[in-house]
Structure formats: structure tokens, C-alpha cells
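Engineer: My questions are about this predicted structure, shown below with the sequence.
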Amino acid sequence: MKFDVQIFDALDSTNTTLREQFSGEAEGYVVQAYQQTKGRGRFGNSWSSPKGNLYISILLKPDCPYDQIGQLAFVAATSIASYLQQTFDSDDVNVAVKWPNDILVNGNKIGGILIETNSLNPSRVDQVIVGIGLNVFAQQADYIKMDDFTDRLGNLDAVRDDLLQSFGEHYTKWREMGFSDILREWKKYAVGIGEKVGVRLSNEHFYGIFVDVDDTGNLILDQDGDRRLISAGEINLGK
């Protein structure tokens with residue numbers, strides 16, 4: 001997969017800029033900002049975006065059914081986790097993913113993913129934007145950053161290119177072979193399976209046992225013997 005990267009010194013949001021200005025570009029077009037002034041995550045949560053970290057949005061044109069959109073969060077998560085694992089290459093550094101869009105290192109958040117559709121087709125998804133924020137050099141509040149764990153990163157552009165290579169490999173695998181291999185790899189990094197978790201949706205919050213993820217990417221939650229499928233939301237681990 002080839003990528004065409006457009007770099008900006010500062011933007012409100014790479015996802016917004018890609019959707020509003022570059023949606024007509026070919027698949028693989030990437031908007032990168034060295035700083036975001038209105039970076040955001042799920043449910044409109046703000047994402048602090050100082051200079052020194054990686055903020056990119058990738059334009060995809062998967063032409064897939066709407067119920068497969070969520071699988072792209074798994075594609076992105078496994079590609080980031082695989083890249084980090086290879087970069088750190090240490091038994092003392094534990095890379096993990098938290099359903100559906102958080103990247104953790106040694107239990108602390110280091111990155112996040114925001115999937116948004118930009119499709120006018122009522123029956124299939126012809127455009128998806130994958131936003132990725134990854135802490136590389138700049139410290140952010142309670143979060144950690146990549147150079148806490150290695151001194152072999154090079155510059156920010158090198159980090160971007162290596163991450164995009166990993167993303168391209170995983171996206172191509174998903175397109176050509178389906179979701180099963182991606183899900184199998186994701187589970188190697190996943191935390192929370194088999195544990196009690198809190199689930200936050202846009203309008204409610206509840207608890208249950210995180211049983212598994214089904215073959216479409218839904219979280220399977222057990223609530224006192226009743227199974228519930230969660231297609232989108234956030235989970236909290238521990239107490």
C-alpha cells in the first residue's frame with residue numbers, strides 16, 4: 001500500500017481536515033500535523049496534541065458493509081502494537097491493546113485511534129478515516145511516550161513511515177484475507193478478557209465480565225448470565 005503524506009505545522013484536527021479538504025484523494029492519502037489545537041477522541045473527548053508526537057489521519061476506501069467498519073480499529077491497533085513491539089524489542093516493555101481503540105505500554109496509555117466514516121453510499125462504506133495519535137517525544141499529563149523506552153527512534157518522520165508500513169501490511173491482510181487473522185493477532189495483545197470491566201456508551205454506563213470478542217469485533221459482555229454484544233463504546237479495567 002502506498003501513502004501520500006501531506007504535512008501541516010498545526011491543524012485543529014487531522015481527521016477534520018482530511019474529511020473536509022482531501023476526501024477526494026486516493027486511498028492512502030495521509031494528513032499529518034505536528035500539533036493539533038482541537039484534537040479529539042471518542043465521544044468528543046479532547047486529545048492533548050503538543051509538538052513532538054505523531055498525529056496522522058489515513059484515508060481508506062474499503063468498499064465494505066457498514067458492520068465491518070469497527071474491524072478497522074483492530075487493524076490499526078494491531079499495526080501500532082506490532083510496530084511498538086518491534087521497536088522496543090525488550091522483555092521489560094509490555095505492549096497491549098484495550099478494546100476498542102487504546103494502545104498501552106506497561107499498563108499506561110501511549111496512543112489512541114479514532115475511526116470515522118465519510119461515506120455517502122447508504123449500503124456500503126466507501127470512505128473511512130483512521131486517526132492515530134501516538135506519544136513519541138512530548139510528555140502529556142499522565143500518559144507515557146515512546147522515548148521513555150528506547151533511544152533508537154530517529155526523528156518523527158521515521159516513526160511515521162515505520163508505523164505506516166506496519167499499517168499498510170495489516171490493512172492489506174484484512175482486505176485480502178478477512179478479519180480472522182487480524183483478530184487472532186489482536187488477542188495476543190489484548191487486556192481485560194475474562195475480567196470485570198466497566199462499559200461506557202454515549203448514554204449509559206454498566207459493568208460485566210469481558211468474555212471475548214466475536215468474529216465481527218463486538219465485545220461479548222456477560223451480565224449475571226445474560227450475554228450482551230457491544231459494538232462501540234469504551235471499557236474501564238479494574239475498580
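Structural biologist: Sure thing, it's come through.
Engineer: How is this structure divided into domains?
Structural biologist: Using automatic domain parsing, the domain ranges for the chain come out as 4-189, 196-237.
Engineer: export those to TSV and tack on mean pLDDT and mean neighbour count?
Structural biologist: No exception for glycine: its C-beta is placed from N, CA and C like everyone else's. Listed next are those as TSV, based on pLDDT from 0 to 100; neighbours: other Cβ atoms under 10 Å:
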stretch	mean pLDDT	mean neighbour count
domain 4-189	91	18
domain 196-237	93	15
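Engineer: Would you map the helices across this structure?
Structural biologist: With DSSP state H, the ranges of helices along the chain come out as 14-21, 71-88, 156-177, 180-189.
Engineer: Relative to Ile115, how far out is the closest residue to Leu163 other than its chain neighbours?
Structural biologist: Leaving aside its sequence neighbours, Leu163 sits nearest to Tyr83 (Cβ to Cβ, 6 or more residues apart in numbering; 5.1 Å). Going from Tyr83 to Ile115 by Cβ to Cβ, to the nearest Å gives 18 Å.
Engineer: one step back: quick one, what contacts the residue nearest to Leu163?
Structural biologist: If you count contacts by Cβ atoms under 8 Å, 6 or more residues apart in numbering, Tyr83 has them with Asp162, Leu163, Ser166.
Engineer: which one of those sits closest to Val105?
Structural biologist: Nearest to Val105 among those, counting by Cβ to Cβ, is Leu163 at 14.4 Å.
Engineer: any idea how far Arg19 is from the closest one?
Structural biologist: Counting by Cβ to Cβ, the gap from Leu163 to Arg19 is 21 Å.
Engineer: Same question for Val105.
Structural biologist: From Val105 to Arg19 the distance is 30 Å (Cβ to Cβ).
Engineer: Looking at strand pairing, list the partners for Leu229.
Structural biologist: Ile220 (DSSP bridges).
Engineer: Contact partners for it?
Structural biologist: Going by Cβ under 8 Å, 6+ apart, the list of residues near Leu229 reads Asp214, Asn218, Leu219, Ile220, Leu221.
Engineer: beta partners for the most centrally placed residue in the chain?
Structural biologist: Centroid-nearest residue in the chain: Ile113, 2.8 Å away (criterion: Cα atoms, centre = their mean). Using DSSP bridges, the bridge partners assigned to Ile113 are Ile132.
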